[in-house]
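Enquirer: Next come a sequence and a model predicted from it.
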2 protein chains.
Amino acid sequence: MSEAAFDVLRGYLAARGQFSDGDFAIVRGVVQFRNLSAGEFLQRGGEVPRYAAFVASGCLRNYVIDAKGKEHIVQFAAETWWLSDNVSMMTKTPSQYFVDAVEDTTVLLLEPAGHAMLLDRVRGYAAAFQTGVQKHAAAKDQRIVSSLTASAEDRYLEFMKTYGSIAQRVPQFMLASYLGVSPETLSRIRKHLSQQR
Amino acid sequence: MSEAAFDVLRGYLAARGQFSDGDFAIVRGVVQFRNLSAGEFLQRGGEVPRYAAFVASGCLRNYVIDAKGKEHIVQFAAETWWLSDNVSMMTKTPSQYFVDAVEDTTVLLLEPAGHAMLLDRVRGYAAAFQTGVQKHAAAKDQRIVSSLTASAEDRYLEFMKTYGSIAQRVPQFMLASYLGVSPETLSRIRKHLSQQR
DNA sequence: CGCGTGATTGAAACCCTTCAAGTTTAGTGG
DNA sequence: CCACTAAACTTGAAGGGTTTCAATCACGCG
């Protein structure tokens, strides 16, 4: 059970560097497993996060709740994605982010101390981590750019091209929240696109 | 001249870790200096970036140009800010980003090889770099959140609170581009706010 | 001084939201 | 397995915020 989950992380790491069995054993020693049912919270806004999460299977959503009580999805995280609020975790300040499971989900949890150990003890881990962080940052820039430049329809098409497999797994109203439009608008966009062909 | 510029980087690093004179000498050895006049380009879209830039004085703007030829500012970078397209630089692929100087600006340039040397040879640099990258990423999340949740007026107020000093230095139409609104709208927002008090 | 750039202002058009109602889908208990 | 219910999705109409286009104003600089 957790073996299968750990294999996902093993595969993720193996694709990003040369790691020995001993390295994997160290990793194995510092991660915890947790199963979440659909809708179950991994973290609530106002809490100080204690873990970074690696999604082995399923899908998480990361969102904020604004002054009017409305949810705004910042990120989805499906298999092989990391999700964490590093700044809040490191500074031990409450996070504004909520995280819950869109589907039944298995995550591997990594505490800051464990992460520090990996950086220190596993050769090549720091570099792999670095690369991952940079790609993450680039993806965020891309999203900022498209929120500035693109219409709702264009943003939808861009999402489908990049994360189409996720779109099939999350309810439409969540996708709307991610895109920053109302569910009604997304419905109309889809209708409009379907009529075009 | 370049001494003053390097002092800015020295101060930046000293505030983020314990570094010896020898460490600073290593840093000094791997950075290049460059002065940019207002409007001068540091990088054009389509080019493969070769450096990360640290702003010692002045201010850069980082932007994309969309299909209609319109500029969209992704980020400003004033004193003590880093600006780079790490993914393009590392993968040696053309960047979509343009970078030019809003004012006369002095930057320190760091090649990937130099950066690798710092990570390897300067104790504490990797950790300091890591922290900086995470703060950057958090700032981007914040911007995504506010582009999803906030009206143009709220985004303007948020920018003024966070980066007010930059607002006084860049032309209003650039600020509008950063906020993702037309110059006319920003003008109206400012008028509206000034009439409220 | 006059030219060019940036900022302002007005009016029309457009995209998107909100509200409201109806339809479909999915989940639950009998 | 069906019936019932709640949630999600769709569709329509009205309203609001933003853009676009156009004209005018303000200012710095050769």
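Expert: Good, I have the coordinates. Please read all numbers here as calculations on a predicted model, not as lab measurements.
Enquirer: going forward, measure contacts and count neighbours with C-alpha atoms only.
Expert: Noted.
Enquirer: so where's chain A shaky on pLDDT?
Expert: Applying pLDDT under 70 to chain A flags residues A:1, A:197.
Enquirer: Contact residues of it facing DNA strand C?
Expert: Residues of chain A found near DNA strand C (CA under 7 Å from any atom of the strand) are A:151-153, A:180-185.
Enquirer: now do 6 Å
Expert: Residues of chain A lying close to DNA strand C by CA under 6 Å from any atom of the strand are A:151-152, A:180-182, A:184-185.
Enquirer: My read is that A:Val8 contacts A:Ala78, right?
Expert: No: at 11.8 Å, A:Val8 does not count as touching A:Ala78 under the criterion of CA atoms under 8 Å.
Enquirer: Please name the residues that touch A:Arg34.
Expert: Contacts here follow CA atoms under 8 Å, 6 or more residues apart in numbering or on different chains; on that basis A:Arg34 touches A:106-109.
Enquirer: which among these end up buried?
Expert: Burial of the contacts of A:Arg34 was assessed by neighbour count (16 or more other CA atoms under 10 Å in any protein chain shown); the buried members are A:106-109.
Enquirer: Contact residues of chain A facing chain B?
Expert: Contact residues, chain A versus chain B (CA under 8 Å from any CA of the partner chain): A:64, A:66, A:72, A:74, A:85-87, A:130, A:133-135, A:137-138, A:140-141, A:143-145, A:147-149, A:179-180.
Enquirer: Of the residues you listed, which belong to strands?
Expert: The strands, defined by DSSP state E, take in A:64, A:72, A:74 from the residues of chain A next to chain B.
Enquirer: Next, count neighbours for the last one.
Expert: When counting by other CA atoms under 10 Å in any protein chain shown, one arrives at 21 neighbours for A:Val74.
Enquirer: which residues does it contact?
Expert: A:61-64, A:178, B:141, B:144-145.
Enquirer: and which of those residues is nearest to DNA strand D?
Expert: Nearest to DNA strand D among the contacts of A:Val74 is A:Tyr178, at 12.2 Å by CA to the nearest atom of the strand.
Enquirer: quick revisit: looking at the buried ones among the contacts of A:Arg34, which is nearest DNA strand D?
Expert: Proximity of the buried ones among the contacts of A:Arg34 to DNA strand D (CA to the nearest atom of the strand) peaks at A:Thr106, which lies at 20.9 Å.
Enquirer: The closest residue in space to the closest one that isn't next to it in sequence and A:Thr80, how far apart?
Expert: In space, and not counting its chain neighbours, A:Thr106 is closest to A:Asn35: 4.5 Å by CA to CA, 6 or more residues apart in numbering or on different chains. According to CA to CA, to the nearest Å, A:Asn35 stands 15 Å off from A:Thr80.
Enquirer: With A:Ala128 instead?
Expert: For A:Ala128 relative to A:Thr80 (CA to CA), the value is 14 Å.
Enquirer: quick one: which of the two has more around it?
Expert: Between A:Ala128 and A:Thr80, counting by other CA under 10 Å, A:Thr80 is the more crowded of the two (19 against 16).
Enquirer: contacting residues around the closest residue to A:Phe173 other than its chain neighbours?
Expert: Spatially, and ignoring its direct neighbours in sequence, A:Phe173 is nearest to A:Pro183 (5.1 Å; CA to CA, 6+ apart). Listed by CA under 8 Å, 6+ apart, the contact set of A:Pro183 reads A:172-173, A:176-177.
Enquirer: what's the spatially closest residue to A:Arg61 that is not a sequence neighbour in contact with, if anything?
Expert: Using CA to CA, 6+ apart and skipping residues adjacent in sequence, the residue nearest A:Arg61 is A:Phe76, 4.6 Å away. Going by CA under 8 Å, 6+ apart, A:Phe76 touches A:59-62.
Enquirer: For those, pick the one with the most neighbours.
Expert: A:Leu60 (33 neighbours).
Enquirer: Wait, it touches A:Ala78, no?
Expert: Yes: in this structure, A:Leu60 is within contact of A:Ala78 by CA under 8 Å, at 6.3 Å.
Enquirer: So the residue nearest to A:Arg61: helix, strand or coil?
Expert: Judged by DSSP: H, G, I helix; E, B strand; the rest coil, the three-state class of A:Phe76 is strand.
Enquirer: Surely A:Ala167 touches A:Lys161?
Expert: No: using CA under 8 Å, A:Ala167 is not in contact with A:Lys161; the gap is 9.9 Å.
Enquirer: More neighbours: those two, which one.
Expert: Between A:Ala167 and A:Lys161, counted using other CA under 10 Å, A:Ala167 has the larger neighbour count: 17 against 11.
Enquirer: can you tell me how far that one sits from A:Leu83?
Expert: 18 Å.
Enquirer: before we move on, what about A:Ala152?
Expert: The gap separating A:Ala152 from A:Leu83 is 25 Å, by CA to CA.
Enquirer: Which of those two has more residues huddled nearby?
Expert: Neighbour count, other CA under 10 Å: between A:Ala152 and A:Leu83, A:Leu83 has more, with 21 against 18.
Enquirer: so does the helix or strand A:Leu193 falls within get close to DNA strand D?
Expert: Assigned by DSSP states H and E, A:Leu193 belongs to helix A:183-196. Yes: Helix A:183-196 is in contact with DNA strand D by CA under 6 Å from any atom of the strand, via A:183-184, A:187-188, A:191.
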